[in-house]
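Novice: Fold the following for me, if possible:
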Amino acid sequence: MKTIAKTLAFTILAGGLVGCNGVNESQDRNDNDVRPIGYYTNEGDNRGDLDRGSGFISDMADRDTKDHTSTYHEDYDGALAERIANKVNDIRGVDDAHVILEDNNVIVGVDTKENKKEELTKKVRETAAKMAPDRDVKVVSDQEIVDRIENVDNDLRDGRAYTEVETDVRGIMGDIVDAGSNLGNAIKRPFENNR
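Specialist: From the prediction side, this is the model:
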């Protein structure tokens, strides 16, 4: 029985070594049988940058618009929206602002920890009205609506056409109009328009 066990062990070892010959092709650096294939272009992605180091999964997960150049769709006046947002961000008490242009309206979502929201809202409205005198300015500081405005603004900054987010914008406008001056009641359907 010991002889059979030794023979079996020797056969298994010998069989394992049969695959090992003198040349290990997996470590041969000059073997050009398989070449890595990459698809590169001189054009940037839809945001205008050449961020080849991250990959598309990182790009999809990255919603921070401050690390890349905004590329609005050609049918949307993104330059005006961005100028208004930058000017509003310079107002003391505003932590972050996002702007959406909708027909003759300017919707400004203001993220703030300021206690005097009415005074801040008035300053923001005046600042935006100077930059877009022919449009009606709506200023919102309710966090849930501001988050919805930010999501739409980020989609627009990433090059999506306005028609793709129009339903969301109309829902936001409807909530603002329905709420009137009491924006605390504006969240009647927070997820209906943001899918």
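Novice: where does this protein dip in pLDDT?
Specialist: Scanning the chain for pLDDT under 70 picks out 17-70, 179-195.
Novice: tell me the helices in it, going along the chain?
Specialist: With DSSP state H as the criterion, the chain has helices at 2-18, 56-61, 78-89, 117-131, 143-157, 162-179.
Novice: would JSON lines of these with mean neighbour count and distance to Val106 be doable?
Specialist: Glycine gets a C-beta too; all of them are placed from N, C-alpha and C. Listed next are the helices of the chain as JSON lines, based on neighbours: other Cβ atoms under 10 Å; distance: least, Cβ to Cβ, whole Å:
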{"stretch": "helix 2-18", "mean neighbour count": "9", "distance to Val106": "74"}
{"stretch": "helix 56-61", "mean neighbour count": "10", "distance to Val106": "29"}
{"stretch": "helix 78-89", "mean neighbour count": "18", "distance to Val106": "6"}
{"stretch": "helix 117-131", "mean neighbour count": "16", "distance to Val106": "5"}
{"stretch": "helix 143-157", "mean neighbour count": "20", "distance to Val106": "11"}
{"stretch": "helix 162-179", "mean neighbour count": "17", "distance to Val106": "11"}
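Novice: Of the ones you listed, which is nearest Asn105?
Specialist: Shortest separation from Asn105 across those is recorded for helix 162-179, at 6.7 Å, computed as Cβ to Cβ.
Novice: what packs against the closest one?
Specialist: strand 96-102, strand 105-111, strand 136-140, helix 143-157 (3 or more Cβ pairs under 8 Å, 6 or more residues apart in numbering; DSSP states H and E).
Novice: The ones you listed: which one's closest to Met1?
Specialist: So among these, helix 143-157 is nearest, using Cβ to Cβ, at 73.6 Å.
Novice: Just the CA atoms of that closest one, as CSV, please.
Specialist: In CSV, the C-alpha atoms belonging to helix 143-157 read as follows (Å, rounded to 0.1, in the frame of the first residue of the first chain):
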residue,chain,number,x,y,z
GLN,A,143,-32.7,72.4,0.9
GLU,A,144,-34.7,69.7,-0.8
ILE,A,145,-35.6,72.0,-3.7
VAL,A,146,-32.0,73.3,-3.8
ASP,A,147,-30.8,69.7,-4.1
ARG,A,148,-33.1,69.1,-7.1
ILE,A,149,-31.9,72.3,-8.7
GLU,A,150,-28.3,71.2,-8.2
ASN,A,151,-29.0,67.8,-9.9
VAL,A,152,-30.6,69.5,-12.9
ASP,A,153,-27.8,72.1,-13.1
ASN,A,154,-25.1,69.3,-13.0
ASP,A,155,-26.9,67.5,-15.8
LEU,A,156,-27.0,70.6,-17.9
ARG,A,157,-23.3,71.3,-17.1
